[in-house]
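**Q** this is the structure alone, sequence omitted:
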């Protein structure tokens, strides 16, 4: 037998119980806005160009542009269409750019845990150190937002074998780490369960723009095509969740923002037939469905 994670069972897509999202919509759409801060002169970070010896000023400054400029442009774009967001927050942002986090708080956006900084991976840490990382990030969000976060996305989506257990034990209700489905599924953990809500690795500006070197127009077209194909599929099929993953240092560049505006306008035009929500909104609706509706509900 092949080794297995044991977190969830196989559930064939066509055999699942049908259900609907809010107001009868079959497609839920949410935007995941990544607010990240990076160490200067060390650690991990996405690269515009191959990095040289540290300090790698070019790539550090390119990423920092997102917090100083790009994220503010993205907020204005979200306001333009009245879109909520799930903010995937490095807790280091509270010290580095508190005004930016406050702007999302003022919008009523959901704040989800995204580690301390994207300069590190939690997957390489011993269990006690990983638990401390989760606890430190969670405590910072709780202190500033007045309530603990309910969802988590690991920096670099890096998990150890015990990450789901540590998240459940820390009080988290959902994870965005597992991109194995187009609808939420329940995952087993030592202290109960976690709802795995789909977070995209395709309609995500990092793999698209940084990894595959897609252009701004290509990324916007990807959003529109993914959206339209899902709308077609859900007419007579299973309900779906479509996430759009955004990083301000990428889509906050003016020429990319122009194309993103076109894609989001396309989604906004179908607001009556889709549910535009947050990852937390998906969690709340899933919790209200009849027992056994979500795959793994017997976990």
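**A** Perfect, thanks for sending it. These numbers come from a predicted model, not from an experiment.
**Q** now do the helices in the stretch 1-150 of the chain.
**A** 57-65, 71-81, 93-96, 98-107, 127-145 (DSSP state H, counting those that start in this stretch).
**Q** out of the ones you listed, nearest to residue 223?
**A** Distances from residue 223 to each of the helices of the stretch 1-150 of the chain were compared using Cβ to Cβ; the minimum, 12.9 Å, belongs to helix 71-81. No exception for glycine: its C-beta is placed from N, CA and C like everyone else's.
**Q** that closest one - contacts with which helices or strands?
**A** Taking 3 or more Cβ pairs under 8 Å, 6 or more residues apart in numbering; DSSP states H and E as contact, the helices and strands that helix 71-81 lies on are strand 27-35, helix 98-107, helix 248-251, helix 254-268.
**Q** for the longest one, which outside residues touch it?
**A** The set of residues that contact helix 254-268 without belonging to it, under Cβ atoms under 8 Å, 6 or more residues apart in numbering, is 29, 70, 73-74, 77, 80-83, 205, 209, 216-217, 219-221, 223-224, 227, 246, 250-251, 274, 276.
**Q** tabulate the helices of the stretch 1-150 of the chain (CSV), appending distance to residue 175.
**A** Conversion of these to CSV gives the following (distance: least, Cβ to Cβ, whole Å):
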stretch, distance to residue 175
helix 57-65, 25
helix 71-81, 24
helix 93-96, 20
helix 98-107, 21
helix 127-145, 11
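**Q** now these in CSV, with distance to residue 264, mean pLDDT and mean neighbour count?
**A** What follows is the helices of the stretch 1-150 of the chain, written out as CSV (distance: least, Cβ to Cβ, whole Å; pLDDT from 0 to 100; neighbours: other Cβ atoms under 10 Å):
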stretch, distance to residue 264, mean pLDDT, mean neighbour count
helix 57-65, 21, 97, 17
helix 71-81, 5, 98, 17
helix 93-96, 23, 98, 16
helix 98-107, 15, 98, 15
helix 127-145, 25, 98, 16
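**Q** relative to residue 231, how far out is residue 269?
**A** According to Cβ to Cβ, to the nearest Å, residue 269 and residue 231 sit 12 Å apart.
**Q** when those two are compared, which one has more neighbours?
**A** In this view residue 269 and residue 231 are compared by other Cβ atoms under 10 Å, and residue 231 has more residues nearby, 16 against 10.
**Q** please give me every residue in contact with that one.
**A** 27, 270, 273, 274.
**Q** these two touch, right, the last one and residue 29?
**A** Spelled out, that is residue 274. Yes: assessed by Cβ atoms under 8 Å, residue 274 is found in contact with residue 29 at 5.5 Å.
**Q** comparing the two, which residue is more hemmed in?
**A** Looking at residue 274 and residue 29 with other Cβ under 10 Å, you find the greater number of neighbours at residue 29, namely 26 against 22.
**Q** now do that one, the pLDDT please.
**A** Residue 29 is assigned a predicted lDDT (pLDDT) of 98.
**Q** ok, which stretches of this protein are strands?
**A** Assigned strands in the chain, in chain order: 27-35, 86-89, 110-113, 151-152, 174-175, 185-189, 192-196, 240-246, 275-277 (criterion: DSSP state E).
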